[in-house]
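Undergrad: With the sequence up front, the predicted model follows.
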Amino acid sequence: MTVSNKTAKVTIIRGAKGQKTYEESFDVPFEEGASILDALTWIRSHRDSSIAFRYSCVNANACKECMVLVNNKVDYACTARLEETGVTVGPLKNKRLIRDLVTDIVPPKERFLDV
Amino acid sequence: MRRVSTDVFIVGAGGAGMYAAVSACRSGAEVFLADKSLISRGGATIMAQMTVAAAVGHQEADHWTHHLADTLEAGHGLCNEKLARILCEEAPARIMEMEQWKVGWARDKAGRFCQVMAPGHQVSRCVYADFLNTGPAVARALRGEVAQREGITRASGLNVLDVVVRNGRAVGAIGMDVESGEIILIEAGAVILAAGGLTRLYRRNSASVNMAGEAYAIALRAGAELVDMEFVQFFPIGHLAPRMVGMDPIMWDPFRYKLGGRLLNGHFEEFIQNYGGSDEGVYTARRDLASYAIYKEREAGRASPHGGAWLSFEHIPEETLKANFGPVIGKLEKNNIDLTKQPIEVSPIAHYHMGGIRVDEEMATSIPGLFAAGEAVGGANGATRLSGNAIPEAFVFGDRAGKFAATAARFLGRGRVFDEDADELLEAIQTHLRTDEEADGGAAAVMKDLQDVMEDHVGLIRNGPAMERGLARIREMISQDLANIKIRKTDPFNQSLQDWLELRNALQCAEAVALTASKRPESRGAHQREDMPEAKPELERNQVVRLNGTMLETEWVDVVKSDWTLHDRVLATI
């Protein structure tokens, strides 16, 4: 694979329900065409294992679980591209925040525990 | 601890789990259906793009016995013939039922189902939903059927950690609410494991994130047996380069055999014919052969720039491409891929697991009350799976598992699960939990290491010493890496904890794959050894693996044969 020495700054809006949210930035290796999800999984394996985000189908854009705010716009982490100029990723605003990028997108009738 | 009680508890809500839920429900059982991801979104089904094999005979004369013959041929002598027969015989009824449930199989102008040819089939047999939408269409139809049945309770975000067995029968399971981390005890009359798939154990895979072998590991710990674990299918032409997002990496196959995409080595020469395949103008060389040929070309220094092969559609008129790729062309454009001007690069990618939980024709394991469905089931596909058999397998085995689990639940009655049943697991988790910031979760990183070990030592092309090294490293990862991981206590939605729980299953599963692979001294189907390139007639047998204490033990067993007169007759008609 082509490996460059370029990096991109990924800022994540973090925090759990009931807490004050905060921003945390990571320098992530930049490769042409990489997705936001690529960057998030890299951070989890190499920098901070506690970052919470949802995804299932990885790259196929079939499961639709990875919806987040990318630079304040709703997008799928698996198809939104990482930009060399940096990017801010946050949780959806119209859903109940659980932690970091995870919001409550579970349909009400599929919830086992009362929230 | 919180408890829930049900007749039939189903682990995994992909195609097999959802079909099982509907089936158990219409058999009169109360059903509880859980997925650690979201109902219908996780697992393999939603990833399916194209082919669903069933002998409905809408495009040319066909019969399930012909489908069976092709399935057995692909299985290289190792198919459990009774399971394979059930798969092929019942697939048409399930396909028609899915149509009643509004899946929307693609139809031709005469209103018949479109059926395409796929590698290894003698006739055009595979139905699909346009465009490349089979999985999402199937998931949507089944989600609807599940949702409208009051007897089915659904739980998204419930990770099932273990099945509880008492007095020799399955009595329920231990689950964890992913968001809160709370332990949930599930008491059931019968349990169905429908969370199959393990291809995420490999570096290059087409799996969803929750396919790290959970069902197999849970089955082992419950005392059930696995079969054919050494047979992992690699899909020959998984996307390699340029970087492409928003598309399944296995998307090229249907276009290749529909339009005749040309597979070329780094020197832009066709090469399948040099490995005993006949690809010219037909492009239906068997998957294992195509994978092997691409690997060998790379070994000979004739790979494409990123280490795979070229796939070219440049010779096909733009209009034809547009008509066949439909909206996919737009998605390719977004990835800066113009098929009229450039070939793309492909290489083998871990795609499907032939092995799995050993069951009988009722999908029952050796543990009363414990069943399996879908990819979690081992045996039907033998040493290689015929393309298009995975989705019908989810439907057919799901339907049967649901039906027979409902009967078993009536017979056995609901089990009891006690708080103490979760003690051992909770203790293990406690020893790894850390509240301090310094604690490094680490499980996600170890998972990456494991993927490298499996890809490099127990991958597409294998040899004895490499497999031994892989097995030793996996065992070291179990005794050291897994044991030393510190889980960060970050609630709610503790990702580090979920990663650790997943790694625990992945390692157990990887050990079963590496162990059985190292104990098969031949090449057959998806198990290809460069140090032992021939198949040995005396090894036309299955390997069973089970847990004895903390150690895995293997045993050779005879292949389950079906009605041989039927088999002979089938082969004679082709």
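TA: Nice, thanks for sending it over. Residues are numbered from 1 along each chain as shown, chains lettered A, B, ... in the order given.

Undergrad: which stretches of chain A form helices?
TA: A:36-46 (DSSP state H).

Undergrad: Please read the previous query as pertaining to the stretch 351-500 of chain B.
TA: Using DSSP state H, counting those that start in this stretch, the helices of the stretch 351-500 of chain B run over B:390-412, B:423-432, B:443-457, B:464-476, B:482-484, B:495-518.

Undergrad: Just the buried positions in the fifth one, please.
TA: Same thing as helix B:482-484. Neighbour-count burial for helix B:482-484, with 16 or more other CB atoms under 10 Å in any protein chain shown as criterion, is recorded at B:Leu482. Every residue, glycine included, has its C-beta placed from N, CA and C.

Undergrad: mean confidence for it?
TA: Helix B:482-484 comes out with an average pLDDT of 89.

Undergrad: roughly how far out does it sit from the chain middle?
TA: 28 Å (CA atoms, centre = their mean, to the nearest Å).

Undergrad: Is there proximity between it and chain A?
TA: No - Helix B:482-484 stays clear of chain A (CB under 8 Å from any CB of the partner chain), getting no nearer than 13.9 Å.

Undergrad: swap in the longest one?
TA: Yes - if you take CB under 8 Å from any CB as the test, helix B:495-518 does meet chain A, through B:Gln495, B:Ser496, B:Asp499.

Undergrad: now that helix and helix B:423-432, what's the angle there?
TA: When axes from the mean of the first three to the mean of the last three CA atoms, to 10 degrees is applied, the directions of helix B:495-518 and helix B:423-432 differ by 110 degrees.

Undergrad: For chain A, give me its nearest residue in the stretch 251-400 of chain B.
TA: B:His306 (6.3 Å; CB to the nearest CB).

Undergrad: Which element, helix or strand, includes that residue?
TA: Under the criterion of DSSP states H and E, B:His306 resides outside all helices and strands.

Undergrad: hang on, B:Leu471 packs against B:Ala514?
TA: Yes - contact between B:Leu471 and B:Ala514 holds when scored by CB atoms under 8 Å: they sit 4.1 Å apart.

Undergrad: Could you check which of those two is surrounded by more residues?
TA: Between B:Leu471 and B:Ala514, counted using other CB atoms under 10 Å in any protein chain shown, the more crowded position is B:Ala514 (28 against 21).

Undergrad: separation between the more buried one and B:His432?
TA: 24 Å (CB to CB, to the nearest Å).

Undergrad: now A:Glu23
TA: Taking CB to CB, one finds A:Glu23 at 29 Å from B:His432.

Undergrad: And B:Thr554, by the same measure?
TA: For B:Thr554, the distance to B:His432 - CB to CB - is 30 Å.

Undergrad: quick one: contacts for the residue nearest to B:Asn80 when sequence neighbours are not counted?
TA: Nearest residue to B:Asn80 in three dimensions, chain neighbours excluded: B:Gly379, at 3.5 Å (CB to CB, 6 or more residues apart in numbering or on different chains). By CB atoms under 8 Å, 6 or more residues apart in numbering or on different chains, B:Gly379 lies in contact with B:Cys79, B:Asn80, B:Leu83, B:Val227, B:Asp228, B:Gly356, B:Arg358, B:Val359, B:Asn542, B:Val560.

Undergrad: Okay, and which of those residues map to helices?
TA: B:Leu83.

Undergrad: What is the nearest of the contacts of B:Gly379 to chain A?
TA: Closest to chain A out of the contacts of B:Gly379 is B:Gly356 (20.7 Å), distances taken as CB to the nearest CB.

Undergrad: which residues sit in contact with that closest one?
TA: Going by CB under 8 Å, 6+ apart, B:Gly356 touches B:196, B:215-216, B:226-229, B:372, B:375-379.

Undergrad: on that earlier part again, B:Asn548 is nearest to which of the helices of the stretch 351-500 of chain B?
TA: Nearest to B:Asn548, of all the helices of the stretch 351-500 of chain B, is helix B:495-518, at 12.5 Å by CB to CB.

Undergrad: Check the offset of that closest one from the chain's centre.
TA: For helix B:495-518, the gap between its own C-alpha mean and the chain's C-alpha mean amounts to 15 Å (CA atoms, centre = their mean).

Undergrad: So for that helix, mean pLDDT?
TA: 96.

Undergrad: and the helix-or-strand element of chain A with minimal mean pLDDT with helix B:443-457, angle?
TA: Ranking every helix and strand in chain A by mean pLDDT, DSSP states H and E puts helix A:36-46 at the bottom, with a mean of 93. Calculated by the same axes, to 10 degrees, helix A:36-46 forms an angle of 100 degrees with helix B:443-457.

Undergrad: now the contacts of B:Gly356 in CSV, with pLDDT and distance to B:Arg41?
TA: CSV is the format used below for those (pLDDT from 0 to 100; distance: CB to CB, whole Å):
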residue, pLDDT, distance to B:Arg41
B:Gly196, 96, 16
B:Ala215, 98, 17
B:Tyr216, 98, 21
B:Leu226, 98, 26
B:Val227, 98, 29
B:Asp228, 98, 28
B:Met229, 98, 27
B:Ala372, 98, 21
B:Glu375, 98, 16
B:Ala376, 98, 18
B:Val377, 98, 22
B:Gly378, 98, 25
B:Gly379, 97, 28
